[in-house]
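>>> fold the following for me, if possible:
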Amino acid sequence: MTLISVAVCVRNGVDWIDGCMESLVQQSHSPLEIILVDDGSTDGSEEKVKQWDTHENVTVINQKPLGLSAGRMAALQAAKGEWFAITDIDVRPEADWIQRMLESSVSREDEEVVAVTGRTVFGQAKDTISKIRSIEIESKYRSRPRVTKLANGPCSMFNRKRLLEVGGFDPSWYHAEDMEVSLKLIQDGGIIVYTPNAVVNHIPETGLKRFLNKRKRDARAHVRIHRRYKGVKHDFIGSSWIVLWMVPLLALGSFGVSLYVNNVLKLDEQNLESFYLALTREVLLICLLPLFWLSSYIRSDLPKKRLRAIFVLTSWSLVLWQGILLGYLDALLRRNGH
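From the prediction side, this is the model:
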């Protein structure tokens, strides 16, 4: 049987450790080597990690707070398995997660499968944030092709030898390290396969501040990705583009409406004919893109009726642009951006 190594890192996640580790030790595939990395926790996680060190299939690594990418690299260097899987501490893999990915790791003719990625299902709590996050992630998976460009951090498995050959996880990438390592593997001639039956369950993501900070880091890291890997086209977008363009296109649409109203007021008489005449070519051109965006938004699964949801989506759009601007500032200042 094929030995699989699984790495999971924790920093200050004491309440999540047992749930994640129990789901890993209960995997249907065997043999399995589980590597638990404590990334400088200060909340009692270190004691909980010590308890799991006594399990026969668990190896513990303790390190200073160096970040997720550094933790995964430390686990990779210690791993012995033919395949190296990664997940997150706030994730609960299904019992057949590893087995399903292993089944999909067999290369077809004229291809070399170097990584397999599964599907993350975000749980929903009663709050707006977790519902929006769950809907957004589901939309990304809905149209995902078999051969993909991203081995997602919570639910992926890599050929250990090939991963080491491309340098593994770069510790300077504190965020989007899964995207960076995926593109390195693709550039080296390998392919990443998506298997929807390999499922992990993510605990509900709650808290507006935490949610917005993560989305800003995502946008900032995407700029760094495009700086390093020029011309890359992503296939894991979903409804994110609708949120990105929400604020600028609503602003453009508002300008078009104000221009139309101004045209109406300038006419001598306000009647049906004047309302028609006020629709100048400029007004129509200005409103064209906002109308296209509005149509896409209405057809999407994103929430539309609750004011709280609209506020969250607007805030999300703003922080995405903030992250993009920070990313380009990083480029100008020649810094990593984390």
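
>>> use CA for all of it now, contacts and neighbours both
Will do.

>>> and stretch 300-310, how far from the chain's centre?
21 Å (C-alpha atoms, centre = their mean, to the nearest Å).

>>> before we move on, what about stretch 68-83?
On C-alpha atoms, centre = their mean, the centre of stretch 68-83 falls 21 Å from that of its chain.

>>> then stretch 213-227?
10 Å.

>>> give me the contacts around that stretch.
175-176, 179-180, 232, 316, 319-328, 331, 336-338 (C-alpha atoms under 8 Å, 6 or more residues apart in numbering).

>>> hmm, 6 Å instead?
If you take C-alpha atoms under 6 Å, 6 or more residues apart in numbering as the criterion, stretch 213-227 is touched by Val319, Leu320, Gly323, Ile324, Gly327.

>>> and the helix or strand containing the fourth one, what other elements does it pack with?
Looking back up the chat, that one is Ile324. Ile324 belongs to helix 307-333 when elements are defined using DSSP states H and E. Applying 3 or more C-alpha pairs under 6 Å, 6 or more residues apart in numbering; DSSP states H and E, one finds that helix 307-333 contacts helix 208-228.

>>> try 7 Å this time
Counting contacts by 3 or more C-alpha pairs under 7 Å, 6 or more residues apart in numbering; DSSP states H and E, helix 307-333 packs against helix 208-228, helix 240-244, helix 246-266.

>>> now render the ones you listed as TSV, adding distance to Glu111 and mean neighbour count.
Below are the helices and strands packed on helix 307-333 laid out as TSV (distance: least, C-alpha to C-alpha, whole Å; neighbours: other C-alpha atoms under 10 Å):
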stretch	distance to Glu111	mean neighbour count
helix 208-228	25	18
helix 240-244	30	17
helix 246-266	39	17
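
>>> what is the rounded mean pLDDT of the helix holding Ile324?
On average, the pLDDT along helix 307-333 is 93.

>>> and what of stretch 78-96?
98.

>>> just give me how far that stretch sits from the chain centre.
How far stretch 78-96 lies from its chain's middle: 17 Å, per C-alpha atoms, centre = their mean.

>>> show residues contacting that stretch.
Identification of contacts with stretch 78-96 by C-alpha atoms under 7 Å, 6 or more residues apart in numbering yields 2-10, 16-17, 19-20, 23-24, 26-28, 153-160, 199-203.

>>> just the ones in helices from the residues you listed, please.
Ile17, Gly19, Cys20, Ser23, Leu24, Arg160 (DSSP state H).

>>> quick one, which of these are buried?
Buried by 16 or more other C-alpha atoms under 10 Å: Ile17, Cys20, Ser23, Leu24, Arg160, out of the ones in helices among the contacts of stretch 78-96.

>>> how about the strands in the protein?
Ranges of strands in the chain, per DSSP state E, are 4-10, 32-39, 58-63, 83-88, 91-93, 113-122, 147-148, 156-159, 191-202.

>>> in a markdown table: these, plus distance to Lys50 and mean neighbour count.
A markdown table is the format used below for those (distance: least, C-alpha to C-alpha, whole Å; neighbours: other C-alpha under 10 Å):
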| stretch | distance to Lys50 | mean neighbour count |
| --- | --- | --- |
| strand 4-10 | 13 | 26 |
| strand 32-39 | 10 | 24 |
| strand 58-63 | 8 | 18 |
| strand 83-88 | 18 | 24 |
| strand 91-93 | 20 | 26 |
| strand 113-122 | 28 | 26 |
| strand 147-148 | 37 | 17 |
| strand 156-159 | 25 | 26 |
| strand 191-202 | 24 | 22 |
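
>>> distance to Lys305 added to the ones you listed, as CSV?
Shown next, in CSV, are these (distance: least, C-alpha to C-alpha, whole Å):
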stretch, distance to Lys305
strand 4-10, 37
strand 32-39, 41
strand 58-63, 47
strand 83-88, 33
strand 91-93, 30
strand 113-122, 22
strand 147-148, 34
strand 156-159, 36
strand 191-202, 26
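
>>> neighbour-wise, which of the contacts of stretch 213-227 leads?
Within those, neighbour counts (other C-alpha atoms under 10 Å) peak at Gly327, which reaches 27 neighbours.

>>> who's the closest spatial neighbour of that residue, skipping the chain neighbours?
Arg220 (4.6 Å; C-alpha to C-alpha, 6 or more residues apart in numbering).
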